[in-house]
Structure formats: C-alpha cells, structure tokens
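Colleague: Here is my input, please return the structure:
(4 chains)
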Number of protein chains: 2
Amino acid sequence: MQKTVQKRTLKTRARLIEAAEDVIERNGYQALRVEDVVQAAGVAKGTFFAHFRDKDALMEMLIGERLVACFDQVEQGPAPRTAPEIADALQPIHAFMTSERYVFDLIIRYSGATAITEIGPIARCFERYVRLVAGWLETAKVRKDISPDLLAEGVQAFAIQSMSLKFCALHEAESFLDRLEIYLDAWLTPAT
Amino acid sequence: MQKTVQKRTLKTRARLIEAAEDVIERNGYQALRVEDVVQAAGVAKGTFFAHFRDKDALMEMLIGERLVACFDQVEQGPAPRTAPEIADALQPIHAFMTSERYVFDLIIRYSGATAITEIGPIARCFERYVRLVAGWLETAKVRKDISPDLLAEGVQAFAIQSMSLKFCALHEAESFLDRLEIYLDAWLTPAT
DNA sequence: TGAAAAAAATGACCACGGTCAATTACAAAA
DNA sequence: TTTTGTAATTGACCGTGGTCATTTTTTTCA
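Modeller: Numbering: from 1, shown residues only, chains lettered A, B, ... in the order given. The predicted model follows:
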C-alpha cells in the first residue's frame, strides 16, 4: 500500500513542462497543442494526462507561475499612496494578464475556485491581489469610511473591468491605464 | 448575380433554432451538442455551419435573446433610487447571467466585441446595461461628483465581481445580493 | 536474486467541433 | 418545359482534447 513516487515521474513531468514552455515561448499560450508538447517531450499522449488533469490544468500552472512572479515583482516596490500610484504599481500584473486574450480568459475562468479542494495558483493570486492592495490602502491617502479589504475588492473589480474593455473594439480609444486611473480616483477618493 | 434567399433557408434555420432550444430546455446550455441539434432538426452537420459561424455563434444568439428579454422586463419596472433598490431592480438580469456557469462565461467572453463589425446581442446588452443604470442614476439619491455614465460603469464592474464570486467556493457564504448591495452602497453613496 | 505487486507509460481509440468538395434543390430565363 | 446558374445541403473527413485496457518499468520483499 505504499505510494512511492519514482524519480522517473519527476523527470517526465519536468520534460513535459519544459517542452510546454518552449512551445509557448515560440507561439504564445493560445497556440499550445498537447500533441506538440508530448512530441517535443518525447512521450506518449496518455502520459500527458497522467501528469495533468487536462490541458487547462497545465495552463493554469504555467500561467499561475508567471502571475506569481508578477506579484513578487510588484511586492518588491514601495507601497503606492494615491490612486494613480496604485494603478501604476499594479501595472506588471495587469500587463501580463492582458498579454493575450487567451491568458485573460483563462485567468478569469480560474479566478474563483469551484471547490475548496481545488484552489489553484490563479485563485490564490486573486486573494493575494486583495491582500496586497488592502495593505497599501491602510496607509494610503484614501477614504476611510469602508474597510481596506472592501476597497481592495473594488480595485480588483475596476481592474478587471478596465482589462475587459482593453479587448473590446468599442472602447479601445481610451487607454487601459487612463481608464483605470479614472475609476480608482472615483472609488478611492470620492469628492462628495 | 442575384442573392435570392430561398424560403427553404429560413425554414431550416428555424428548425435548427427550435431544435437547439429544445435541447437546452431539457439539459441546459452547457450540455448542448451540435450533433444533437442537427439530428433533432433532421439536417446534416454541415448545414448547421452554413447557418452559424460556429457553435458559439448560435449560443450567443440564444443567450443574447434571453438576455434582451431580461432587459425588457427590467425596463418595465419603475426606476430605483437607492443602492439596494438598484441591486434589486437588476436582479432578473443578474439571475439569468448566473443561471449557469457556462452562460456566465460565454456572456463575459462576448461582452466586448473584438471588431466593430461583429457587435453581437450580448455586447449590445452590456452597453444597454450602462445606459439603463446611468438613466436611473440621473435622478437617484447618489453622489453627483462624477457622471452617471461613469457611475453606471462602476455598477457593472461590481455586478460582474459579485457574480464571479457567486461561482467561487471561497466566497459562497455571503449571498450575491448582499455582496452587491454592500459594493453599490460604498460606490454610489460614499460617506467620506 | 527472482517473483509478485505497484507505478508509470503507451497508443489505439473515442467525442466533438468544424471543413469542404461534391451533390441536390430551386428559380429565373429562354 | 427545358435549360442554366446559383443557393442550399450533404456527409465523409480532419484536428484536437481526452480515455483506458494493455504493456513496460520499477520497487518490494521473501
């Protein structure tokens, strides 16, 4: 009844991931085909699905990793204190999320875990987003009538709205950053 | 060089749509298979794709229709004047949008038209949403420091955020409506 | 060391969306 | 009515994600 994991397993897995990253490097996330990956990795198709539940699971992992790296980068910088500074500080995260339509769609689809047991890296990043921004807001020059957590959730909502509009022909005139700044200004520092 | 459209065409198209609606009635949108639709309609598979660009195009049409009906219904009612009233008034629209995860995902995916030429019913509904809410906000008891249009876009952003969280295991404790009301209250009537 | 048990890998196979060259039905002109 | 050009339909076929019974490799333990 032991559950020994063989070294072979890790090696195969590593080969698959490396192959996938190569394919993505060349053609982007959207164009990734499982067949290409297994061929590049030199394994059979079935092996892929022994390592990843489905293609999306691999994508979630790879995109999640990159997203985590973006968060790490953003957390290195100083805490922003105003709406434009916040929009600017989040830029690396937003840039990656909108780097490809496919990437954005997948991130949105995985942003909420459907079951507690399957909270993946992307869903965790969404929680991290709120924690990160809420942390900034505690000492930022913003309204204090509602909690930093609620404020941060709003920032997230506006960021997603702005990113959606970036992919939209009707609204491409106004730039993503301008739009987000307008939203955040109205949300964080209302002048009623 | 004439471009006569035969009566046959309309008939076939109607049969396909009816068949699709039947299938959806029974098993929901998610479960619809093109094969089932063409079989029920008594036509060949190729015929389906002569009438609809792809499966999503049919879905956009059908879901778009239902969504338009929801808007029609909401527009019948009196204009709400407070944050909870607004959340409540929009309920039929939000209820349909979150009736199935598949429906929500498809609506989000089609909410922004990628090209001017391909603005579909769903993208139009998103514009209509903003116009509708902006109309309400003109005479509602809400902050006046920013335009009704901007305020309405925010309402949309918060509604999408709340709907996303509805599908999320981590946040299912708080109900959709409660959550939206909290957001809208903070957005429309800040107490700085 | 060798046999039994467990883990990993294989590839033929399936499901489903989508394509397209060939065929059939239609409608207008002769 | 027949001819002819075009609109509409067909179904065999393809690409790609995903499955699973079988085979191969590794580990365990007498």
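Colleague: Chain B contacts on chain A?
Modeller: Within chain A, the residues that sit near chain B (Cβ under 8 Å from any Cβ of the partner chain) are A:105, A:108-109, A:111-116, A:119, A:123, A:127, A:143-146, A:150, A:153-154, A:156-158, A:160-161, A:164-165, A:167-171, A:182-183, A:186-187, A:190-192. To be clear about C-beta, it is placed using only N, CA and C from the backbone, and glycine gets the same treatment.
Colleague: Among these, name the buried ones.
Modeller: Burial by neighbour count, 16 or more other Cβ atoms under 10 Å in any protein chain shown: within the residues of chain A next to chain B this picks out A:108-109, A:111-113, A:119, A:123, A:143, A:146, A:150, A:153-154, A:156-158, A:160-161, A:164-165, A:167-168, A:170-171, A:182-183, A:186-187, A:190.
Colleague: Which of these fall in helices?
Modeller: Those of those mapping onto helices are A:108-109, A:123, A:150, A:153-154, A:156-158, A:160-161, A:164-165, A:182-183, A:186-187, per DSSP state H.
Colleague: Go ahead and list the helix or strand containing the residue positioned nearest the centre of chain A.
Modeller: Note on chain A: the residue nearest the mean C-alpha position is A:L67, at 4.5 Å, using Cα atoms, centre = their mean. Using DSSP states H and E, the element containing A:L67 is helix A:55-76.
Colleague: Contacts for the very next helix or strand once past that helix next, please.
Modeller: Downstream of helix A:55-76, the next assigned helix or strand under DSSP H and E is helix A:83-89. Helix A:83-89 is contacted by residues A:74, A:77, A:79-80, A:133, A:136, A:140, A:142, A:155, A:177, A:180-181, A:184-185, A:187-189 when judged by Cβ atoms under 8 Å, 6 or more residues apart in numbering or on different chains.
Colleague: make it 10 Å
Modeller: The contact list for helix A:83-89 (Cβ atoms under 10 Å, 6 or more residues apart in numbering or on different chains) reads A:74-75, A:77-82, A:94, A:132-133, A:136-137, A:140-142, A:152, A:155, A:158-159, A:162, A:176-189.
Colleague: How far does that helix sit from its chain's centre?
Modeller: Centroid displacement of helix A:83-89 relative to its chain, using Cα atoms, centre = their mean, to the nearest Å, is 18 Å.
Colleague: cool, stretch A:133-152 as well?
Modeller: 22 Å.
Colleague: Likewise for stretch A:45-55?
Modeller: Using Cα atoms, centre = their mean, the offset of stretch A:45-55 from its chain centre is 23 Å.
Colleague: which residues sit in contact with A:G112?
Modeller: A:119, A:122-123, A:126, B:101, B:164-172.
Colleague: Name the nearest of those residues relative to DNA strand D.
Modeller: B:R101 (15.6 Å; Cβ to the nearest atom of the strand).
Colleague: If we ignore the residues flanking it in sequence, what's nearest the closest one?
Modeller: Spatial nearest neighbour of B:R101, chain neighbours left out: B:F167 (5.6 Å); criterion: Cβ to Cβ, 6 or more residues apart in numbering or on different chains.
Colleague: in chain A, what spans have low per-residue confidence?
Modeller: Scanning chain A for pLDDT under 70 picks out the ranges A:1-3, A:116-117.
Colleague: Residues of it that sit close to DNA strand D?
Modeller: Counting by Cβ under 7 Å from any atom of the strand, chain A comes close to DNA strand D at A:2, A:4, A:6-8, A:32-35, A:45-46, A:49-50, A:54-56.
Colleague: Let's see that with 6 Å instead.
Modeller: Within chain A, the positions near DNA strand D by Cβ under 6 Å from any atom of the strand are A:2, A:4, A:6-8, A:33-35, A:45-46, A:49, A:54-55.
Colleague: Going by neighbour count, which of those are buried?
Modeller: A:V34.
Colleague: farthest pair in the residues of chain A next to DNA strand D?
Modeller: Pairwise distances across these (Cβ to Cβ) peak at 36.2 Å, for the pair A:Q2 and A:R33.
Colleague: List the contacts of whichever residue of chain A sits closest to DNA strand C.
Modeller: Residue nearest to DNA strand C within chain A: A:G46 (1.6 Å; Cβ to the nearest atom of the strand). Neighbouring residues of A:G46 by Cβ under 10 Å, 6+ apart: A:V38.
Colleague: before we move on, which element is it in?
Modeller: Going by DSSP H and E, A:G46 is in helix A:45-51.
Colleague: Now A:A40: closest residue in space that isn't a chain neighbour?
Modeller: That would be A:A19: by Cβ to Cβ, 6+ apart, it lies 3.8 Å from A:A40.
Colleague: Checking that neighbour next. Helix, strand or coil?
Modeller: helix (DSSP: H, G, I helix; E, B strand; the rest coil).
Colleague: neighbours around it, how many?
Modeller: A:A19 has 19 neighbouring residues, counting by other Cβ atoms under 10 Å in any protein chain shown.
Colleague: so what's it up against?
Modeller: Applying Cβ under 10 Å, 6+ apart, the residues near A:A19 are A:36-43, A:48.
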